[in-house]
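# For reference, the sequence and a predicted model appear below.
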Amino acid sequence: VFLEWVSSGDIRVELPPELNWQRVEARPKPVLNFEKVLDNTTASRGYYTQETYFIDLKFAYLNSLVDYTDQRAAVADKENKKIHLRNKNFEQLMFSQFVRPYAIGNTLYGDDRPQIFAKNLMLAVRAALAAGAEARISARQIHADNHFEFQVGSGLDWFDLDAQVDFNGRWVKAPHILAAIQSGAEFVTLDDGSIGLLSQDTIKKVEKLAQFAEISGDKLRFRKTQGVLLTSLLDHETAVIKDRAFAEFAEKIKSFSGIQVVEPPKSFVGVLRPYQTEGLSWIQFLKDFGLGGILADDMGLGKTIQCL
């Protein structure tokens with residue numbers, strides 16, 4: 001405490017070498033914790049009836065966590081024998097960015113911490129994470145989603161897509177994310193009890209995949225006839241692992257330049273008209289790519305022989 005006071009700049013004291021700790025000026029990391037208000041006193045006084053959360057803003061100066069309302073001008077780091085000078089201008093800027101836009105004017109009796117309406121909670125959390133701050137709800141750390149990883153496996157007449165999202169090294173499968181989305185949540189609970197915040201991009205991507213697939217355990221299943229669709233959905237993804245069958249199929253799609261003309265087998269006795277050759281070639285294309293289709297034409301124009 002003495003060293004913090006001396007280092008604040010208010011006075012000048014010549015210290016012995018063993019107490020002459022290094023003074024450090026650095027930008028701290030903001031840490032926000034949102035705690036649900038359990039006391040209903042304020043609501044009963046008629047100020048508001050919506051669910052609210054307390055906002056606690058602290059700043060991490062290396063190993064020290066300092067409350068925004070703390071009046072100290074410096075923080076002592078005993079382990080490293082350093083004195084961290086508080087960056088008050090930065091702290092005030094973070095308060096105006098993370099707390100003031102959401103804070104409610106009224107407070108509970110005996111507790112002057114700012115509060116936020118529950119409906120604005122995720123807005124505040126997203127703003128904090130986007131700015132590089134750390135955010136928690138009831139001391140549970142919140143992690144933003146980073147990226148997707150995909151793995152495709154082939155079955156008899158299906159493709160299984162193993163899609164998962166990374167939350168700072170904590171992975172969650174797409175069906176679990178979909179269940180959260182369908183329940184109206186904007187987050188998932190991670191294995192270690194922390195919270196994974198879902199970005200709008202992740203929500204849209206999972207919803208789009210689920211729109212065409214069936215849930216099969218912790219995977220998304222696509223029919224073989226949806227192979228072209230699945231290839232298109234994964235076309236711009238960078239982290240995709242494909243088994244041999246799907247890799248060959250995807251390469252066939254990539255190198256496709258048009259329907260190739262197919263000649264009838266030598267055992268066929270007869271001559272196909274040009275439109276019948278075109279129909280035969282189209283059917284062969286469907287077969288090669290695992291697609292379904294309908295060959296429709298007037299009666300008597302040779303649909304049967306094309307299929308045979």
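Ah, there it is. Residues are numbered from 1 along each chain as shown.

# Quick check: the gap between the residue nearest the centre of the chain and residue 167.
The centre of the chain sits closest to residue 145, judged by CA atoms, centre = their mean, with a distance of 2.9 Å. Using CB to CB, to the nearest Å, residue 145 is found at 6 Å from residue 167. C-betas here are computed from N, CA, C, even on glycine.

# list residues touching both of these two?
Common contact partners of residue 145 and residue 167 (CB atoms under 8 Å, 6 or more residues apart in numbering): 196-197.

# The residue nearest to the centre of the chain and residue 174: what is the separation?
Taken as CB to CB, the span from residue 145 to residue 174 is 12 Å.

# Give the residues shared as contacts by those two.
The contact lists of residue 145 and residue 174 share residue 165, where a contact means CB under 8 Å, 6+ apart.

# Just the mean pLDDT for the lengthiest helix in the chain, thanks.
Counting by DSSP state H, the longest helix found in the chain is helix 274-288. For helix 274-288, mean pLDDT is 88.

# tell me what that helix is packed against?
With contacts taken as 3 or more CB pairs under 8 Å, 6 or more residues apart in numbering; DSSP states H and E, helix 274-288 sits against helix 303-307.

# Of all the residues in the helix it packs on, which ones are buried?
Across helix 303-307, burial judged by 16 or more other CB atoms under 10 Å covers 303, 306.

# What of stretch 59-76?
59, 61, 64, 66, 68, 74-76.

# so residue 150 is in which element?
strand 148-154 (DSSP states H and E).

# Kindly report the same for residue 71.
Here residue 71 is assigned to no helix or strand, by DSSP H and E.

# Enumerate the positions of stretch 275-285 that are buried.
Burial within stretch 275-285, assessed by neighbour count using 16+ other CB under 10 Å, is assigned to 276-277, 279-281, 283, 285.

# which one among those residues gets closest to residue 96?
Lowest distance from residue 96 to these (CB to CB) belongs to residue 285, with 62.2 Å.

# I'd like the distance between the closest residue to the closest one other than its chain neighbours and residue 183.
Closest residue to residue 285 apart from its sequence neighbours, by CB to CB, 6 or more residues apart in numbering: residue 259 at 4.7 Å. Distance from residue 259 to residue 183, counting by CB to CB: 45 Å.
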